[in-house]
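Novice: Based on what follows, work out the 3D shape:
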Amino acid sequence: MGIFIPVFLIVLCSYLLWKSCNNFDRFSKIIGNKLTHGVRGATINAIGSSLPEFFTAFFFLIILRDVEGFSSGLATILGSAIFNILLIPAVVILILIKNKHQLMINKKLIIRDAGILLVSQIFLLYSIQDGIISLLDSFVLFLIYLAYLLVLSRGGLFVKDEKQAIHKKTIKGAWSKIWLSVFKISLWCLLLVTACEILFTGEYPSFFSILNFSATDSFGFENMMYIALIFAAAASSVPDMIISAFDAKSGDADDSLANPLASNLFDICIAFGIPLFIYTLINGEIQFKNSIDISTFQDIHSLTILMIIITILFLISILTFKKYKIFHVVLFFALFLAFVYTAFNLEVIHQLTPWM
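Specialist: Numbers count the residues shown, from 1 in each chain. The predicted structure is shown next:
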């Protein structure tokens, strides 16, 4: 059956992650019902939709370990970041235009989230610059997200108008449903990482032996990082897309567009930072030593630069206009296609960064 089974498993995981994240989002709105719209999108929605990236990065580091686990986990985050900042806003703006909703750009919100996101991305680039990733690097990423939460608190976390009180039993029930969703998401992410590993190596883990699956063809990539960049990133980003689309259909432009930016920040600082912190705390720093590691390092470095460039272009395109336009949709789709092409032709960026 060739590569059909692992690809089917990845698609299945994407669907299961969407269902579980949808449940998380539904019950988290009960917990955060008094949060302002932009804050809810930047925190609860972002955390809920980014849990797949968190567990995927964690399992990549734990299962593959060291350089391969680090590069695969980070590639998932980078691929998801591009998906979030280009495809999700493109879809959201299309929905807003189609339903004739408010199209005014909340520049204060965009500057707030995109500005801190750029800080985290630039620090990530700096932290991998020397080819050594330490415990301190992951801790600083956490501090950046903490600073972001402090910025949110200064702008006001809660709505001024009192909302209808929610019964304590309802809140308690919501928390139990949230933890159940988190447990399910972790299982689907473990299966996702396993499917990506099968796709790369062509070999099934021993616990698949009961199903009589034999070795299959690998997908043909020389580095596991590219499997993560394409398949793991796409599968883990589907919840972001759906949550933002639902917000857009209801006309909530602030939440629908705050979610992708805040999700990227959460992905880098928490979803990747915390698994990295745990790994380096137990195993020590990660170093790119041999020739294969150096090649992987160059690709990861180039992808990080590409992510920063796209984030800057996104920010400029938003701040240039007062309203969202069809121009943004076309631009974001074009940039995504350019990213896909460049990601598989990273020699272009290598040539532009000869000091590496």
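Novice: For the stretch 151-300 of the chain, just list every one of the strands.
Specialist: With strands called from DSSP state E, counting those that start in this stretch, the stretch 151-300 of the chain shows them at 286-287.
Novice: how about low-confidence regions in it?
Specialist: Flagging of the stretch 151-300 of the chain using pLDDT under 70 yields the residue ranges 155-169, 206-221, 252-259, 290-293.
Novice: switch the cut-off to 90
Specialist: Across the stretch 151-300 of the chain, the ranges flagged by pLDDT under 90 are 151-179, 181-182, 195, 197-227, 229-231, 234-264, 266, 271, 283-284, 286-300.
Novice: which residues in it form helices?
Specialist: Here the stretch 151-300 of the chain has its helices, by DSSP state H, counting those that start in this stretch, at 168-201, 224-227, 233-249, 253-266, 273-283, 291-319.
Novice: if I pick the residue nearest to Ile198 when sequence neighbours are not counted, what's in contact with it?
Specialist: Sequence neighbours aside, Pro6 is the residue nearest to Ile198 in space, at 4.2 Å (criterion: C-beta to C-beta, 6 or more residues apart in numbering). No exception for glycine: its C-beta is placed from N, CA and C like everyone else's. Applying C-beta atoms under 8 Å, 6 or more residues apart in numbering, we find Pro6 in contact with Ala195, Cys196, Ile198, Leu199, Thr216.
Novice: With Tyr341 instead?
Specialist: For Tyr341, no contacting residues are found, by C-beta under 8 Å, 6+ apart.
Novice: that's a helix at it, yeah?
Specialist: Yes - using DSSP: H, G, I helix; E, B strand; the rest coil, the assignment for Tyr341 is a helix.
Novice: Would you mind measuring from it to Ser302?
Specialist: 13 Å (C-beta to C-beta, to the nearest Å).
Novice: Val182 too?
Specialist: 34 Å.
Novice: what about the two, which has more around it?
Specialist: For Val182 versus Ser302, the count of surrounding residues by other C-beta atoms under 10 Å is larger for Ser302: 20 against 16.
Novice: if we can go back for a sec, which one of the contacts of Pro6 sits in the busiest neighbourhood?
Specialist: Top of the contacts of Pro6 by neighbour count (other C-beta under 10 Å): Cys196, with 29 neighbours.
Novice: Now do the nearest residue to that one once chain neighbours are set aside: how many residues are near it, please.
Specialist: Nearest residue to Cys196, sequence neighbours excluded (C-beta to C-beta, 6+ apart): Ile227, at 4.9 Å. For Ile227, the count of nearby residues is 25 (other C-beta under 10 Å).
Novice: thought Ile227 was touching Ser72?
Specialist: Yes - in this structure, Ile227 is within contact of Ser72 by C-beta atoms under 8 Å, at 7.5 Å.
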